[in-house]
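[1] let me see the structure of the following:
(2 chains)
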Amino acid sequence: MGAEKVVVVGAGMVAQRFVQSLRAGDAEGRYAIDVIGEETFAPYDRVALTSFFSKAGPEDLLLGDQALWDDPAVTLRRSTRATAVDREAATVSLDTGERLTYDHLVLATGSSAWAPPLPGIDLPGVFMYRTLDDVAGMQAWVRERQAVVGRPVRGAVIGGGLLGLEAAGALQSMGATATVVEFADRLMALQVDKSGGEALKSLIERLGVKVKTSLATTEVVADAEGRAGTLRFSDGSEQLVDVVVFATGIRPRDDLGRGAGLAVGERGGIVVNDTCLTEDPRVSAIGECAAAAADGHLSIGLIAPGNAMADVTAHRLLGREEAYLGADTATKLKLLGVDVASFGDAFATTPGALEVVYSDPFSGAYKKLVMTDDASTLLGGMFVGDASAYAQLRPMVGAELPGDPSSWILPEGAAPRPELELPDEATVCSCNNVTAGTIRHAVNEDGVHDLGELKACTTAGTACGSCLPLVKKILTTELGKAGIEVSQALCEHFELSRAQLFSAIQVAGLTTFSEILERFGTGHGCDICKPTIGSILASIYNGHVLADDRAALQDTNDRVMANMQKDGTYSVVPRIPGGEITPDKLLVIAQVAKDFDLYTKITGGQRIDLFGARLEQLPQIWQRLVDAGMESGHAYGKSLRTVKSCVGSTWCRFGVQDSAGMAIRLEERYRGLRSPHKIKVGVSGCARECAEARGKDVGVIATEKGWNVYVGGNGGFAPVHAQLLVEDADEETAIRAIDRYLMLYIRTADRLQRTAPWQAEYEGGLDAIREVILDDSLGICADLDAHMVHHLDTYEDEWAAVLADPDRLKQFTSFVNAPDTADPSLAYVEERGQRRPATASEKVQLVGAATATTHPEEN
Amino acid sequence: MTTVSQRAAVPTASTDRTAVCAYDRLTADLGVAALIDGVQVAIFRLADGTVHAVQNLDPFSGAHVMSRGITGTRGDEPTIASPLYKQVFSLLSGECLVTMDKAPREGLDPRLTVFAVTVHDGLVYVDVPGAM
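    Now for the predicted structure:
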């Protein structure tokens, strides 16, 4: 077929963006794309390289939807190098000996780490900080040395820029010490000024990283075994080291372009025009290997401009001319947990520029705004230690800043901050270059009224996500202006959202649906508000789900305390805390399954599911289970499901804590806790993470010193890894944090909202949640704790309670006028030694057409 | 046309009415199933005291589960929601008011058959044509 051939050399972030962008606009398959990458991985998030240490493996860093690489129009060649470009013949030679012809060549070779040619730089124990392989090599080395030296490994990082500080953080996270050595007079010299550098230095030193500035490294001296052992500096001083990381800058990888005779910039980088074309109309260069006219023919080492170049080039191939307008060098970083951000004219180079500066003596934060000489227009800014105002201020560069500029840098609440109205052309999402105007257009013209949809159709906030609060704010402002209230109404019977209703019910002390409907609702309720209120009442008072008028509120699963399957029969799941079960209890379960002919399957949550129980059989089955000391597993409830665990240190030779014991303690603590949606918990006994705890709402992972608690993980169709809430906590501290996290979730989440989206949409995100539950910023911790105590005090096994109550047992009848008759429409066939529901066609054969329908005419 | 009434009509042999259970056996908003001459019927007593009966077969799942759904209202119309895939039906007309973007199982009508209900002398009678 006649598809035009696009060859992309390089398989980094910018290459991935280009391919994604080109494929997104090429439904008819005009282009066939070959991507040549020398690394063994598909494109990964290099910006997040440091997080490699806190993640399970390189897969976690892979970028975008991996389906892109399964697209038949895209061929990704990994571990392959392009060795030469022949522009005459329009071919690229590969180190495999192959030669690819192209109609369009896109160079996205990025940059490489550069280190000064010092003596000793090739010694074992000296690393660069650029690729996953670099990072993995460094990690392996530190582990190996750690095991030998029997003390913390001594690490040093040469270079105090962004990568250097990231590398220092990486060393610390591996248990090594870290000293950062910087030639310039301050850290992050490109982003912050002298005072900002001082603030950053002292904040970082508080975290245990040593910082030496105005110091050049002259030599890496080998130890007796020939490994890197000592650093020698320009002032004659020395420092003992076990590992050295060079983060002394990057150089554009422009050798392919040079070899092909393309022009390069003064400081390297293939020269391209505003549409990212080189002098050859068939060759483009994008990202860090390119030196664009709009950037003064300098290569820019940031991801956002690279993405913009990728889009410009893809759109050009798709027939849409756009121009690359140069890099917005605004950056916001979190280095070792310290915010560093700068934007616009941060160094106040504009003639007459005013600097408004605030240094917080207690927190160590340094904040600066650069204004025009009349203090009216914002030119730029710089933040160290607290960049909370960055997202709102960055898009305001060049615009008038209403009110007193100092209100933006004084501690929050010290002076009122005026409401900002962003100009349409202001960039809101700098990763994907989305303006406020684009977002407003989507809301007002395209009728997008939902944050998720808005993200999908504008791509705003889909890369780093830092602009999401702003996107949400624009959305609500625009909807407000249009007179559209963002309806939070639960359903036609209740104007309130679930969270509002929760507080209202709690404050008013209401305990029945009819009271609540009378006070806050209209009509008679429905299948949406009834279960929600049933759940809220259970969360607040922890009464029995079938008590008073509540049975009719519950979804069918809660109503009969079992899970309805497709044929209307139920499955039964007894609780097996932590997945630990005695052989005697296993025998009971087996005997029950045999006696009632229940299809039996092990669940993903380490327990046993018994299928095919009819409504009227449930009490008999549960009587047997309860008599044997078992209780409801709440597999049917919007409540805690299971706490999955590995066996932990009691048996496992790698375990560092008793994970099974912890899991049982947690499961017995949170069992029966009703919540907006199901809650799953996992506990792993070491960093190998066999319990897959980070895929759970709450994941607890053992460390040498205690427990790390992760929150907001999710499987399902939008999988999310849980994020770190507390680190190295003792058991009581970990449990208190989980208690409060769950209680806050239960109070404030939306109907059927799981923890991951709740956490993402909570105002201020996980940082704000942490402040509420760890620092008690809202003063509600005592309340949350009391609520959990109430839950623990009032827990009862709901199945045991029903078995003791003849009134509630009445509901478990097949037919009110024929309680001994089973549903005659049920039919089963045998498969692999057990029964399963018959399909529609099998059923016709088994029970005849008559019972497959209830149309009276046919009876 | 289906009528729902609590008229004190005396059931006679000439009708198809079948006594199902005592009115007091029904709890407000909690459905029960009845088997009337091979036909599965879902019966609901609502909060206002009225009693309604529809087919127990859920046309969207093919399972006999309507009696285990949640009652409610849409506007003034009393409704029942299927416990399986949450379609909502009118208890007055049987019409499917919310399909959840799904089609019924092959060969099944999305509308529920509605049966007339009478309460007399504390007993609930359901009128299933053809039943003895």
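[2] how many residues are close by residue 46?
    By default, I'm working from chain A. 17 (other CB atoms under 10 Å in any protein chain shown). For glycine as for every other residue, the C-beta is placed from the backbone atoms N, C-alpha and C.
[3] my question was about chain B
    As a measure of burial, residue B:46 has 19 neighbours, counting by other CB under 10 Å.
[4] where's it relative to residue A:21, distance?
    Note on residue B:46: its distance to residue A:21, by CB to CB, to the nearest Å, is 57 Å.
[5] please apply the same query to residue B:19.
    According to CB to CB, residue B:19 stands 71 Å off from residue A:21.
[6] the two: which has the busier surroundings?
    More crowded of residue B:19 and residue A:21, by other CB under 10 Å: residue A:21, with 21 against 15.
[7] so where does that one fall, helix or strand?
    If you go by DSSP states H and E, residue A:21 is part of helix A:13-24.
[8] buried residues in that helix?
    A:13-23 (16 or more other CB atoms under 10 Å in any protein chain shown).
[9] nearest to residue A:196, of the residues you listed?
    Minimum distance to residue A:196 across the buried residues of helix A:13-24 is 27.5 Å, recorded for residue A:13 (CB to CB).
[10] residues contacting the closest one?
    Counting by CB atoms under 8 Å, 6 or more residues apart in numbering or on different chains, residue A:13 touches A:43-47, A:63, A:287, A:303, A:306-307.
[11] now the strands for chain B?
    In chain B, strands defined by DSSP state E lie at B:17-22, B:32-36, B:39-45, B:51-55, B:70-74, B:77-81, B:88-90, B:96-98, B:114-120, B:123-127, listed in chain order.
[12] what pairs with the first one, parallel or antiparallel?
    Read that as strand B:17-22. strand B:123-127 (antiparallel) (DSSP bridges).
[13] just give the nearest non-adjacent residue to residue 61, would you?
    You didn't say which chain, so I picked chain A. Nearest non-adjacent residue to residue A:61, counting by CB to CB, 6 or more residues apart in numbering or on different chains: residue A:44, 4.1 Å away.
[14] try again with chain B
    The nearest residue in space to residue B:61 (CB to CB, 6+ apart) is residue B:84, at 4.2 Å.
[15] circling back: how about JSON lines for the strands of chain B, with mean pLDDT added?
    Formatted as JSON lines, the strands of chain B follow (pLDDT from 0 to 100):
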{"stretch": "strand B:17-22", "mean pLDDT": "90"}
{"stretch": "strand B:32-36", "mean pLDDT": "96"}
{"stretch": "strand B:39-45", "mean pLDDT": "96"}
{"stretch": "strand B:51-55", "mean pLDDT": "97"}
{"stretch": "strand B:70-74", "mean pLDDT": "93"}
{"stretch": "strand B:77-81", "mean pLDDT": "95"}
{"stretch": "strand B:88-90", "mean pLDDT": "95"}
{"stretch": "strand B:96-98", "mean pLDDT": "90"}
{"stretch": "strand B:114-120", "mean pLDDT": "94"}
{"stretch": "strand B:123-127", "mean pLDDT": "95"}
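[16] and of the ones you listed, who's closest to residue A:294?
    Closest among the strands of chain B, using CB to CB: strand B:96-98, at 53.9 Å.
[17] show me which residues of the stretch 351-500 of chain A are close to chain B?
    A:492-493 (CB under 8 Å from any CB of the partner chain).
[18] tell me what the helix or strand of chain A with the lowest mean pLDDT is packed against?
    Lowest by mean pLDDT, DSSP states H and E among the helices and strands of chain A is strand A:331-335, with a mean of 76. Other elements packing on strand A:331-335 under the criterion 3 or more CB pairs under 8 Å, 6 or more residues apart in numbering or on different chains; DSSP states H and E are helix A:162-173, strand A:338-344.
[19] of those, which is nearest chain B?
    Proximity to chain B (CB to the nearest CB) singles out strand A:338-344 among the helices and strands packed on strand A:331-335, at 45.0 Å.
[20] partners of the closest one in the sheet?
    Partners of strand A:338-344 in the sheet, by DSSP bridges, are strand A:331-335 (antiparallel), strand A:378-384 (antiparallel).
[21] and it, how far from the chain's centre?
    Strand A:338-344 has its C-alpha centroid displaced from the chain centroid by 22 Å (CA atoms, centre = their mean, to the nearest Å).
[22] the inter-axis angle of that strand versus helix A:162-173?
    Orientation check (axes from the mean of the first three to the mean of the last three CA atoms, to 10 degrees): strand A:338-344 against helix A:162-173 gives 170 degrees.
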